[in-house]
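Got a predicted structure here, sequence first:
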Amino acid sequence: MSCKNEIFSQPNLIFNPSFEQLDTCLGGFNALSNIQNFGWYSYSTADIYTDCALSDFYVPNNIWGIQNPATGNNYAGIQTYCTNIIFCPNDFKEYLTGQILISLKQGRTYCGSMFISLIDTSTIACNDMGMAFTNTIPTVPFGQTLSSIMPQIANDPATNPLTDKINWMEIKGSFIANGNEQFVTIGNFKFAAQSDTINLNFNTHFVHESYYYIDDVSLYELKALHNRDTLVCPQTNFSQVLKAYSDYDSYLWNTGDTTKDITINQPGTYWVTASNWCGTVTDTITVSVFDTLSVQNPLGADFGLCQEQFPGTISILPQYQSSLFNVSWSTGSDSVSATIPKEGVYYLTASHLCGSIVDSIQVNLYPAPQINLGNDTTLCLGQSMVLDAGENANYFWNLGDTTRNITVSNNGIYSVTVTNTFNCVKTENISINFEQESANILPSDTTVFVSQLPISIQANIGFTILEWSNSSTSQSIEIYQEGIYYLKAIDTNGCIVYDTISVSIKELSLIIPTILFSEQAFQITNLPGQSKLKIYNALGQLIYYNQNYQNNYVPIVANAIYFVELIYSDNGKENIYRGKLLIK
């Protein structure tokens, strides 16, 4: 017989509540372990009964007797109590764990129920049946008591003895969820010694135990109204039907109506208080008329972007996004926003509750900030330069200044980031070099012989001569004596620069040997270039002559006297040396 008592018309939160979804026709001991993918789990030998199983687990006739399903074609079975140490040692029990379709919400009231029936061969009825709701699947060693969990819904032995073997008995109750519960477990959560039992007439067919069929497990949230807040289209004769869930014992609307459904003739906020065995709940609904004018301009006002902000984004204003659907942009996008590559006019087509709209928006290109620090430049030491970042709204220099102008007097790269009144940003930099006063105008320091004086000191090309240390203003000067000479000049950048040269003088000191050994070279120390050497014997005969003597004459005759004549140049003047040379 079917005795399902559907309390709510809202969807059942228990997945596969009557064990109807099976991958094959299953039946038998521990058969529920084979349908874990269909919402139920068992870590002991829970059983399944179907109308296509073998005879022992057939519906309605099975090994324990006769029972039609409460709903559908199948039901399950578990053992909840046993005292026989041979057939059910260690207080053997079975549990069923089912999956909840959505996690329960904290603080909400939920109503649960299940239908059970005692098998014909049980000699004991166990009144301690319950439903425990948990975040995870509870585990327990095979066949042992799951005593660590307190069921939120438990049978009341005083008012509902579980002794009926013909009809289905309902166990029901309500609880407030802690939040995130995802599983329901069914069984007896007490040890045998603490269980409330009723001894029935002894039947020799089997042992002393309690075994129950289970069917039609349900879980619903306690709420009264089908719908939440509602928008309706404008209409000449306003009329809407508000519906509460069925099977409450009583209803009371804020309009004074006491029926399940009411018809309203104007928008507003309405609430209903409904009561049944599970509890009393008040639900509120606001019915509003959709304002079609409010979505005529969902894109808002035209606006602009700076060049660096492209590609940019245009979007439906947040307050309109939930009201529009079937969105289509002229860019091809179908989401609440679209990417735009450049300035221009863009279009949106969309639907709403009561029709459709077309809107457009123009995106302008804002002008970039005007800034020109000039070219990289070189200044004279001691000078300064004012850098001007132009007429803009905000300034930030790499030195930390936030003014339009800064004055610089040191070498470096100076950078400024400016923002104009459109919030467009631009950065520019300039390199400034300050010259030192010293420059390479003159040759390196030098040393000359007295005979080389005077010497000419020539300034390098590219400088404008201002004044030498001898007051000369020519490109070069003649030096007649040693000392430090300085030059003041102007370089190509117009900067005054200075340089010095040190001139040292040494005497030309010839060392001419007067005695040599045979086959020893006649070498003259400090011999100037282009010197002429003549050597005569004792008879006055010329035996050697070289117009550019290189210290390479070697006499070969010993014990002789020669006469030497050396003609050399000293600072352009010709000098003659004459002397004797003894060869040993």
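Looks like it came in fine. Residues are numbered from 1 along each chain as shown.

since we're on Asn135, how many residues are nearby?
Per other CB atoms under 10 Å, the neighbour tally for Asn135 reads 13. In short, each C-beta sits where N, CA and C put it, glycine included.

next helix or strand past the strand ranked longest in the chain?
Ranked by residue count under DSSP state E, the longest strand found in the chain is strand 209-221. Using DSSP states H and E, the helix or strand that follows strand 209-221 in sequence is strand 230-232.

That next one - which strands sit beside it in the sheet, and in what orientation?
Applying DSSP bridges, strand 230-232 is found paired with strand 279-289 (parallel).

Show me the contact partners of the strand it pairs with.
109, 111, 174, 222-225, 227-234, 238, 240, 242, 244, 264, 267-275 (CB atoms under 8 Å, 6 or more residues apart in numbering).

repeat that for 7 Å
109, 174, 222-225, 227-232, 234, 240, 242, 264, 267-274 (CB atoms under 7 Å, 6 or more residues apart in numbering).

In the next helix or strand after it, which of the residues would be classed as buried?
Elements were assigned by DSSP H and E; along the chain past strand 279-289, the next helix or strand is strand 303-305. Within strand 303-305, the residues that qualify as buried are Gly304, Leu305, counting by 16 or more other CB atoms under 10 Å.

care to break this structure down by domain?
Domains of the chain are assigned by automatic domain parsing as 31-221, 230-289, 292-365, 377-435, 446-506, 515-583.

between those, which gets nearest to Pro17?
Nearest to Pro17 among those is domain 31-221; the distance by CB to CB comes to 4.7 Å.

which residues in this protein form helices?
318-321 (DSSP state H).

tally of neighbours for the residue lying closest to Ile198 once chain neighbours are set aside?
In this structure, Ile198 finds its nearest non-sequential neighbour in Ala125, 4.3 Å apart by CB to CB, 6 or more residues apart in numbering. Close neighbours of Ala125, defined as other CB under 10 Å, add up to 21.

one step back: need the buried ones from the contacts of strand 279-289 selected in PyMOL.
Restricted to buried positions by 16+ other CB under 10 Å, the PyMOL selection for the contacts of strand 279-289 reads:
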select buried, resi 109+174+222+223+224+225+240+242+264+270+271+272+273+274
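
which residues sit in contact with the spatially closest residue to Ala301 that is not a sequence neighbour?
The shortest distance from Ala301 to any non-neighbouring residue, by CB to CB, 6+ apart, is to Ile361 (7.9 Å). Contacts for Ile361 (CB under 7 Å, 6+ apart) come out as Leu299, Asp302, Ile314, Tyr346.

Ile561 too?
Ala538, Lys580, Leu582.

Confirm for me that Glu467 is in contact with Tyr486.
No - in this structure, Glu467 is not within contact of Tyr486 by CB atoms under 7 Å, at 9.0 Å.

Mind putting the contacts of Ile361 into CSV with distance to Ile357 and neighbour count?
Below are the contacts of Ile361 laid out as CSV (distance: CB to CB, whole Å; neighbours: other CB atoms under 10 Å):
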residue, distance to Ile357, neighbour count
Leu299, 10, 20
Asp302, 17, 11
Ile314, 15, 19
Tyr346, 15, 18
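
give the contact list for Ala521.
Asn551, Asn552, Tyr553, Val554.

picking up where we left off before, among the contacts of Ile561, show me the least confident.
Lowest pLDDT within the contacts of Ile561 is found at Ala538 (82).

Show me what the residue nearest to that residue when sequence neighbours are not counted is bridged to.
Once flanking residues are discounted, Ala538 sits nearest to Ile561: 5.5 Å by CB to CB, 6+ apart. Counting by DSSP bridges, Ile561 forms beta bridges with Leu582.

number of nearby residues for the residue lying closest to Glu565 once chain neighbours are set aside?
Leaving out its chain neighbours, the residue that sits closest to Glu565 by CB to CB, 6+ apart is Lys534, at 4.3 Å. Applying other CB under 10 Å, we find 17 residues neighbouring Lys534.

Wait, Lys534 touches Ile543, no?
No - between Lys534 and Ile543 there is no contact under CB under 7 Å: 9.1 Å.

Please list the outside residues in contact with stretch 505-515.
The set of residues external to stretch 505-515 that reach it, using CB under 7 Å, 6+ apart, is 447-451, 453, 481-482, 522, 524-527, 566, 570, 577, 579-582, 584.
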